[in-house]
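**Q** no sequence on this one, just coordinates:
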């Protein structure tokens, strides 16, 4: 039986929903109303996520929580809803990034994971270095979101990881 795919934890704001760009020259994408808030969804995010799904198990890691599945699978042509992290159930650790406790609860210490987000901080980097399983943090610029360069970085990491991980 092949080894379990690594997780790819996907933030939405600043990764798929772009912001901070010059309004007179918005990036390629389409506007979508989400609970009364207008979001510019990256034109390439769906294609990028579909490519990454070949090597990763995708999961939403966003304050949108389950709401991401109400809007994004159809808008991004993902074909199905994704698992999502709940941030209410995991008590935050003092001084830690607000997502870390939920990530630990969802992934456990031994599952390799990559996390793409526009707001990693020093606590995230310290956590990733100390984590027993292979962990990759991928930072985005909120005006650009998930790019082809990020996809290549992630796919290369997953391929290298697959070569060193024994099959179960």
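**A** Good, I have the coordinates. Only a predicted model underlies this, so the values are computations on that prediction, with no experimental measurement involved. Residues are numbered from 1 along each chain as shown.
**Q** which residues of the protein fall in strands?
**A** Using DSSP state E, the strands found in the chain span residues 7-10, 17-18, 29-34, 37-42, 57-60, 113-117, 135-139.
**Q** which helix of this structure spans the most residues?
**A** helix 148-164 (DSSP state H).
**Q** now for that helix, which elements pack on it?
**A** Applying 3 or more C-beta pairs under 8 Å, 6 or more residues apart in numbering; DSSP states H and E, we find helix 148-164 packed against helix 45-52, strand 113-117, strand 135-139. For the C-beta atoms, the positions are set from N, CA and C on the backbone; glycine is no exception.
**Q** a markdown table for these, including distance to residue 20?
**A** Formatted as a markdown table, the helices and strands packed on helix 148-164 follow (distance: least, C-beta to C-beta, whole Å):
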| stretch | distance to residue 20 |
| --- | --- |
| helix 45-52 | 16 |
| strand 113-117 | 15 |
| strand 135-139 | 14 |
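**Q** show me the shaky parts of the chain.
**A** For the chain, the stretches with pLDDT under 70 are 1-3, 89-95, 165-168.
**Q** again, 50 this time
**A** Along the chain, the parts satisfying pLDDT under 50 run over 1-2.
**Q** quick one: residues in contact with the longest helix of the chain.
**A** Helix 148-164 is contacted by residues 3, 5-6, 8, 44, 48, 51-52, 55-56, 112, 114, 116, 134, 136, 138, 140 when judged by C-beta atoms under 8 Å, 6 or more residues apart in numbering.
**Q** on that earlier part again, save the helices and strands packed on helix 148-164 as JSON lines, and put in mean neighbour count too.
**A** Below are these laid out as JSON lines (neighbours: other C-beta atoms under 10 Å):
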{"stretch": "helix 45-52", "mean neighbour count": "20"}
{"stretch": "strand 113-117", "mean neighbour count": "24"}
{"stretch": "strand 135-139", "mean neighbour count": "18"}
